[in-house]
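Visitor: what would the 3D arrangement of this be:
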Amino acid sequence: MSVNGKVAIVTGGARGIGRATCIQLARQGARVVVHDFGYEQVAQSVANEIIANGGEAIAVHADTRSEERMEQLAAIVKKELGRIDVLVCHADRGVNASAFAELSWESFERQLTDELKLAFYATKAVIPTMMAQQSGRIVYLSRTEGKDPVPGHIAFGTAKGGLDAFARYIAQEFGPYGITANVVAPGFVKSDDSLMVSEEESRMIGSFTPLGRIAEPEDVAGVVAFLAGDAARFLTGTYTPVTGGLAME
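Guide: Residues are numbered from 1 along each chain as shown. Next up, the predicted model:
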């Protein structure tokens, strides 16, 4: 499952699962591009931590909702590191919780549009390089709400369901170029900024989980790193829930 020497861009890489993924990929020898927008100093600190531990990393920032900015990001990575082997789409808009009866079309549309733009423009930016290389790994971080409804998460869950479908179409279209696209769908994740739960809630959720606890960011990062590596070269279009068995396929 080696990613040794590969160049990996992780969007939303400053915090939570993104940070854990950057560190995991760096430990396995990847040259990591820590991306975040609005948390530039935190992203730089993650890159500094990787470098201090003997790895190779740079921090970049760009609005993932802007096609121009993401193209510029890809150009910077190509110039400084020579190639792009892995894209991990972790950046998301977060949960805008609302019951459907209280939800406006504008809020619903904004969640869907922003969420899918993050994946669309990041993918658009790296695909030409991966096609030219005849190889690439794309991993999309979704959430189980895309398949398993959670009260109040109708906009977020619908957006993630759209992301799941988007990934399958990318897998189909670009498979002939040696590019894989897979989805990792965490459920409840401890210390994940997109999901604030109390210790009591964490224990309760863990008690219903076959493995007896909720996920740590590192649990999810390990699955992402596997899909980014050589051992997953014949996996594409897959959906993997990382829930300790709370959601099963």
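
Visitor: against which helices or strands is the longest helix along the chain packed?
Guide: Of all the segments of type helix in the chain, defined by DSSP state H, the longest one is helix 105-133. On a contact count with 3 or more Cβ pairs under 8 Å, 6 or more residues apart in numbering; DSSP states H and E, helix 105-133 meets strand 7-11, helix 67-81, strand 86-89, strand 136-141, helix 154-174, strand 179-186. In this view, the C-beta of every residue, glycine as well, is placed from N, C-alpha and C.

Visitor: same list, those, but as a markdown table with mean neighbour count please.
Guide: Shown next, in a markdown table, are the helices and strands packed on helix 105-133 (neighbours: other Cβ atoms under 10 Å):
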| stretch | mean neighbour count |
| --- | --- |
| strand 7-11 | 28 |
| helix 67-81 | 17 |
| strand 86-89 | 29 |
| strand 136-141 | 26 |
| helix 154-174 | 19 |
| strand 179-186 | 25 |
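
Visitor: now the ones you listed in TSV, with distance to Tyr121 and mean pLDDT?
Guide: As requested, the helices and strands packed on helix 105-133 are exported to TSV (distance: least, Cβ to Cβ, whole Å; pLDDT from 0 to 100):
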stretch	distance to Tyr121	mean pLDDT
strand 7-11	10	97
helix 67-81	4	94
strand 86-89	10	98
strand 136-141	13	98
helix 154-174	12	97
strand 179-186	15	97
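
Visitor: now the terminal residues of stretch 187-198, how far apart.
Guide: End-to-end distance of stretch 187-198 (Cα to Cα, to the nearest Å): 15 Å.

Visitor: spatially central residue in the protein, please.
Guide: Centroid check for the chain by Cα atoms, centre = their mean gives His90 as the closest residue, at 2.4 Å.

Visitor: list of residues touching the helix-or-strand element of the chain with minimal mean pLDDT?
Guide: Comparing helices and strands within the chain by mean pLDDT, DSSP states H and E singles out helix 199-207 as the least confident, with a mean of 81. Outside helix 199-207, the residues within contact range by Cβ atoms under 8 Å, 6 or more residues apart in numbering are Phe188, Lys190, Val197, Gly212, Arg213, Ile214, Gly244, Leu246.

Visitor: what is the rounded mean pLDDT of the next helix or strand after it?
Guide: Elements were assigned by DSSP states H and E; along the chain past helix 199-207, the next helix or strand is helix 217-228. Averaging pLDDT along helix 217-228 gives 97.

Visitor: fine, thanks again, bye for now.
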